[in-house]
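1. task: produce atomic coordinates for the following.
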Amino acid sequence: MCLKSTQAYQRTLLYENVPKERAAAVFGKLPNDVSAEQQKEFEDFMFWQIVKLSEKYDLPFQIHTGHGRLQGSNPLLLLDLIEANPKTKFILFHGGYPWIGETGAIALRHKNVWIDSVWLPTLSYTMGKRAYQEWLEVVASDRIMWGADTVQAEGIYAATEFTRQCLAEALAEKVERAELREEHATRIGRQIMRDNALKLFPKLRRHLWRKDVPAG
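-> This is a model prediction of the structure:
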């Protein structure tokens, strides 16, 4: 259904376009015979190959950004990679927290980027509201999503409720300020909470328990 990288918790998100020859020189060597620089170059090369496979097989690529390990996890570090692979569908996790503005700017300039606000309202409810409002001013509403990123039913339910409340408050404030019409806010809320994921991951439809509800 998709590809996913959690390397932001172990290393920098700066993936350079390393030539195949340099990566091949490292392949097959024992760990003790590989320097930290060589390991990074090999990982960089492999990451670019996976990005190309993501395009080839039309598998959206989820990438953890920010949050877990702040050193080197600013989503801006992915810009060269994103620009060089315009047909790959990149999904930036956590909204790039704490770099939510940078994440919005990336999605504004690159139509192959989606923002996933997974964990953001639970990390910072205030920043979550600000992020939704800020993103909707620069990014199309069909490229903003949310996710629970957990395998426990209780955690998924709690994350859903928390995110729904945060998003509802953010949209309600925009309606009160006459920045959105109520019917548009309702549509956007449904897009972010449900329809955008169904559009990006059409195979999810087979798991729907309510088959009578169309996706946007």
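2. elements contacting the helix or strand encompassing residue 190?
-> Residue 190 is part of helix 182-190 when elements are defined by DSSP states H and E. Secondary-structure packing of helix 182-190 (3 or more C-beta pairs under 8 Å, 6 or more residues apart in numbering; DSSP states H and E): helix 153-176. C-betas here are computed from N, CA, C, even on glycine.
3. check which residues of the helix it packs on are buried.
-> 159, 162-163, 166-171, 174 (16 or more other C-beta atoms under 10 Å).
4. could I get the average pLDDT for it?
-> Taken as a whole, helix 153-176 has a mean pLDDT of 94.
5. cool, and stretch 209-216?
-> 57.
6. my guess is residue 8 contacts residue 64. True?
-> Yes - the pair residue 8 / residue 64 is scored as a contact, 4.4 Å apart, by C-beta atoms under 8 Å.
7. list residues touching both of the two?
-> Overlap of the contact sets of residue 8 and residue 64 (by C-beta atoms under 8 Å, 6 or more residues apart in numbering) consists of residue 73.
8. residues making contact with the helix holding residue 190?
-> 136, 141, 164, 167-168, 171-172, 174-175, 180, 216.
9. from those residues, which two are the most distant?
-> Farthest pair in the contacts of helix 182-190 (C-beta to C-beta) is 172 and 216. Separation: 20.2 Å.
10. which residues does stretch 157-172 contact?
-> 117-119, 121-122, 125, 128-130, 132-133, 146, 148-150, 180, 185, 188-189, 192-193.
11. just the buried members of those?
-> Using 16+ other C-beta under 10 Å, the buried members of the contacts of stretch 157-172 are 117-119, 121, 128-129, 132-133, 146, 148-149, 180, 185, 188-189, 192-193.
12. go through those residues and flag which are in helices.
-> 121, 128-129, 132-133, 185, 188-189 (DSSP state H).
13. want to try TSV for those, with distance to residue 97 and pLDDT as columns?
-> Output for those, formatted as TSV (distance: C-beta to C-beta, whole Å; pLDDT from 0 to 100):
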residue	distance to residue 97	pLDDT
121	10	94
128	9	97
129	13	97
132	13	98
133	15	98
185	23	98
188	21	98
189	21	98
